[in-house]
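K.L.:
prediction below, plus the sequence it came from.
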Amino acid sequence: MFNSGLKKKIAELNSALELLKERLNTLENENNRGRAILDSMVEGVIVVDKDTRVLSLNPTAEKIFNTTRESALGRIFLEVFPNNDIAEVIALVLGRGEFISRELNLVWPVQKVFQVNASPISESGAVSGCLLVIHDITEIRRLENMRRDFVANVSHELKTPLTSIKGFVETLLEGALDDKENSVNFLKIINNHADRLNTLINDLLDLSHIESKGVALKKDKFALSILVDEIMPVFRSHAKKKGIEIRNEIPQGLQITADRSKIEQVLVNLINNAIKYNKEKGSVRIYSEPLASGIKVVVEDSGAGIPAKDIPRIFERFYRVDKARSRELGGTGLGLSIVKHIIELHSGSVGVESTEGLGSKFWFTIPK
């Protein structure tokens with residue numbers, strides 16, 4: 001009977017051990033799933049205790065703050081992440097026991113904009129820690145700023161010629177129409193402003209169409225030199241007035257695979273700018289350089305060049321180095337942005353090399 005009771009106790013103990021083992025396995029699996037979710041999150045996650053010691057952080061947080069889990073765990077938050085703004089959020093959460101959400105501009109360790117959501121962690125009714133979820137919203141804010149700038153720029157570009165057209169029309173209606181000499185001059189100015197509006201709207205439509213990624217490229221193999229030869233007569237009259245020599249130095253046998261009409265649009269923009277902003281009796285060279293990954297096409301001019309501070313922004317929409325001169329010459333400020341987007345659709349890249357007083361080299365690449 002004693003043996004029977006012992007065997008029963010052993011059986012119960014074994015059953016309890018098996019149950020405990022199953023629960024431990026379940027907890028381990030849940031822990032692994034939780035860790036996998038944290039590790040895969042694009043947001044940074046940091047957990048601190050009531051003394052602001054780091055209890056946990058995921059790989060995204062490690063990347064954002066340029067640290068490692070091993071060096072961060074167990075240390076005071078400010079020792080690992082020397083950022084007073086986030087430390088202040090943690091202190092408020094631990095003190096109030098309330099959820100807090102803030103948008104913070106961080107300068108160190110990276111210059112970015114983050115949305116920081118902080119929640120209290122409670123145990124037995126008391127706040128025992130803080131959970132931080134950090135969203136990188138830098139790109140969202142950048143796009144919002146670009147959109148605001150775009151709307152402001154479009155409004156300005158449309159308002160200027162419309163104001164002039166309205167002013168001259170009112171002058172004509174008030175009696176200037178009877179003054180034949182001045183009325184013809186006014187009508188010419190109105191026509192010029194209307195042309196400028198038409199060009200601006202066409203460029204906006206082109207840019208919108210290209211940026212929508214809805215453009216289907218019709219790629220063919222063609223000789224680049226022949227395309228340049230076909231384009232050059234368009235600029236002959238303008239170049240002749242300024243005494244500018246245009247040289248097509250692209251090898252006759254060079255062929256590329258691309259959308260011919262789109263590459264023509266790129267070359268027209270670059271050659272037009274090279275003539276427009278060139279000096280009297282200057283020169284324009286169109287040539288190519290072989291690359292391991294494809295071909296580089298360069299349009300070089302002998303103009304005034306571009307200040308170093310303007311080069312990083314030269315392909316932005318509506319960005320002009322000399323705003324007054326650009327408008328005077330009929331520029332919309334969208335040409336180079338259109339060039340950039342067309343080349344990026346071809347998986348290529350664009351760039352410029354320039355020195356003030358020594359001209360500019362605008363280039364683009366077409367992959368093999």
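P.N.:
Right, received. Where do you want to start?
K.L.:
what strand or helix carries the residue nearest to Glu98 when sequence neighbours are not counted?
P.N.:
Spatial nearest neighbour of Glu98, excluding adjacent residues (CB to CB, 6 or more residues apart in numbering): Pro120 at 6.8 Å. All C-beta atoms are positioned from the backbone trio N, CA, C, and that covers glycine. Using DSSP states H and E, Pro120 falls within strand 112-123.
K.L.:
contacts for the following helix or strand past that strand, please.
P.N.:
Downstream of strand 112-123, the next assigned helix or strand under DSSP H and E is strand 126-136. Residues from elsewhere that reach strand 126-136, judged by CB atoms under 8 Å, 6 or more residues apart in numbering: 42-50, 52, 55, 60-61, 64, 86, 89-90, 93-94, 97, 112-122.
K.L.:
quick check: buried residues in strand 126-136?
P.N.:
Neighbour counts over strand 126-136 (16 or more other CB atoms under 10 Å) mark 127, 129-136 as buried.
K.L.:
same thing with stretch 361-368?
P.N.:
Those would be 361-366, for stretch 361-368 by 16+ other CB under 10 Å.
K.L.:
can you check stretch 98-109 too?
P.N.:
Quick answer for stretch 98-109 (16+ other CB under 10 Å): 100, 104, 106.
K.L.:
give me every residue that touches Val321.
P.N.:
Per CB under 8 Å, 6+ apart, neighbours of Val321: 306-307, 310, 314.
K.L.:
now, of those residues, which are buried?
P.N.:
By 16+ other CB under 10 Å, those give 306, 310, 314 as buried.
K.L.:
Leu205: which element?
P.N.:
Leu205 belongs to helix 180-211, assigned by DSSP H and E.
K.L.:
buried residues in that helix, which are they?
P.N.:
Applying 16+ other CB under 10 Å to helix 180-211 flags 183, 186, 190, 193, 196-197, 200, 203-204, 206-207, 210 as buried.
K.L.:
now for that helix, which elements pack on it?
P.N.:
helix 138-173, helix 335-345 (3 or more CB pairs under 8 Å, 6 or more residues apart in numbering; DSSP states H and E).
K.L.:
in the stretch 1-150 of the chain, which spans are helices?
P.N.:
2-40, 59-64, 69-72, 77-80, 84-96, 138-173 (DSSP state H, counting those that start in this stretch).
K.L.:
so how far is Leu345 from Pro59?
P.N.:
As judged by CB to CB, to the nearest Å, Pro59 and Leu345 stand 34 Å apart.
K.L.:
thanks a lot, see you next time.
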